[in-house]
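Engineer: Fold the stuff below for me.
(4 chains)
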2 protein chains.
Amino acid sequence: MTHSRDELLKQLRVRGARLTIQRRLVLDILLDGNDHLSVQDIQAQVTQRGADLTETTVYRILQWLKNLGFVSQTDLGQRGVVYELIGSPRHHHLICLNCGGVIEVGDGLFEELRDHVRRDYDFEPRIDHMAIFGLCQDCGNQNISGE
Amino acid sequence: MTHSRDELLKQLRVRGARLTIQRRLVLDILLDGNDHLSVQDIQAQVTQRGADLTETTVYRILQWLKNLGFVSQTDLGQRGVVYELIGSPRHHHLICLNCGGVIEVGDGLFEELRDHVRRDYDFEPRIDHMAIFGLCQDCGNQNISGE
DNA sequence: TTCCTAATTGCGAATTATTCTCAACTGCGA
DNA sequence: TCGCAGTTGAGAATAATTCGCAATTAGGAA
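Structural biologist: Reported below is the predicted structural model:
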């Protein structure tokens, strides 16, 4: 997986995809956005660049890129669903169920799990951008009431 | 964590929760349902038992039990969101992005990860019922077009 | 270069899942 | 038994995502 725009476009062309201006635009936005982007973030970027895509189209392009394995889609809980180009370095998140805090973690955490799944189940996991929920240090000791 | 109805009720009482008939009903349904239950599954069970809860209430009760750590909520992708009482034995799922097939796996897979997260990040992960997406053996070799 | 066609997009409505508001009700402690 | 904070019901509201179909267009063929 690469992060270079030209490489990306080339790879997509090879797969017989039509490189419409809409797709190029979303790709560029994903390439420029170093952070995770929500659909609304992408829409905002589209507007900022003087363009105009329907939400439907944005969803369709993201779905397409996701199916091809070029972008990851992650549900961060409260913070909604975010998308990002898959590329090194992979990272993941620990999200506190109580305070909502987010800890970013490296990919090393998942290497063993990945190998294990491959070896034992003949299954190729796509652990590209995982969210693990739980309680952070501070919240771990409190009593949670359920409300 | 236990699966016994009386133990569960007792633990909830201790926490100062009101044990309404609605909450009892949902708990009983979760206790009886050995499989994962969607909100609709639960609604169906409610009806089957001659009762009648609003969807709102079902959502609220599930949310409450989830916050207390008594039920897990898992997004199985195409198959929607499912809930189940947390109890031994824990299990998880590998879900094929292509064919939708589901492989059930034991909890051992996650022990190392759990320890790692606890040790390195002082974070108590709630990996109760995880869904890992990827490609199963059969689908792994096919070319995916993105459509 | 122009044409052709299947792939893609736009538009607006539909769907699905979930949450909100607020009045009515009720479990349970005093 | 009483009182009230906590809980539920009802139905609307919101948010996120998908659908259907007509119009448009990328990119290969001529």
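
Engineer: Quick check: A:Ile95 touching A:Val82?
Structural biologist: No: counting by CB atoms under 8 Å, A:Ile95 does not reach A:Val82; the two are 11.9 Å apart. For every residue, glycine as well, the C-beta is placed using N, CA and C.

Engineer: which residues do these two both contact?
Structural biologist: A:Leu76 (CB atoms under 8 Å, 6 or more residues apart in numbering or on different chains).

Engineer: Three-state assignment for the closest residue to DNA strand C within chain A, please.
Structural biologist: DNA strand C sits closest to A:Thr57 of chain A, with a gap of 3.1 Å, by CB to the nearest atom of the strand. Put simply, A:Thr57 is helix when judged by DSSP: H, G, I helix; E, B strand; the rest coil.

Engineer: which residues does it contact?
Structural biologist: A:Gln22.

Engineer: again, but for A:Gln22
Structural biologist: Counting by CB under 8 Å, 6+ apart, A:Gln22 has contacts A:Leu53, A:Thr57, A:Ile61.

Engineer: Next, give phi and psi for it.
Structural biologist: The phi and psi values for A:Gln22, taken as degrees, to the nearest 10, are phi -60, psi -50.

Engineer: picking up where we left off before, next, format the contacts of A:Gln22 as a markdown table and append pLDDT and distance to A:Leu19.
Structural biologist: A markdown table is the format used below for those (pLDDT from 0 to 100; distance: CB to CB, whole Å):
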| residue | pLDDT | distance to A:Leu19 |
| --- | --- | --- |
| A:Leu53 | 96 | 15 |
| A:Thr57 | 97 | 14 |
| A:Ile61 | 97 | 11 |
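
Engineer: for those, which one is nearest A:Asn34?
Structural biologist: Nearest to A:Asn34 among the contacts of A:Gln22 is A:Ile61, at 19.4 Å by CB to CB.

Engineer: Count residues in the vicinity of the closest one, would you?
Structural biologist: 22 (other CB atoms under 10 Å in any protein chain shown).

Engineer: That one sits in which helix or strand?
Structural biologist: Using DSSP states H and E, A:Ile61 falls within helix A:55-67.

Engineer: hmm, that helix in reach of DNA strand D?
Structural biologist: Yes: among the residues of helix A:55-67, A:Glu55, A:Thr56, A:Tyr59, A:Gln63 lie within reach of DNA strand D under CB under 7 Å from any atom of the strand.
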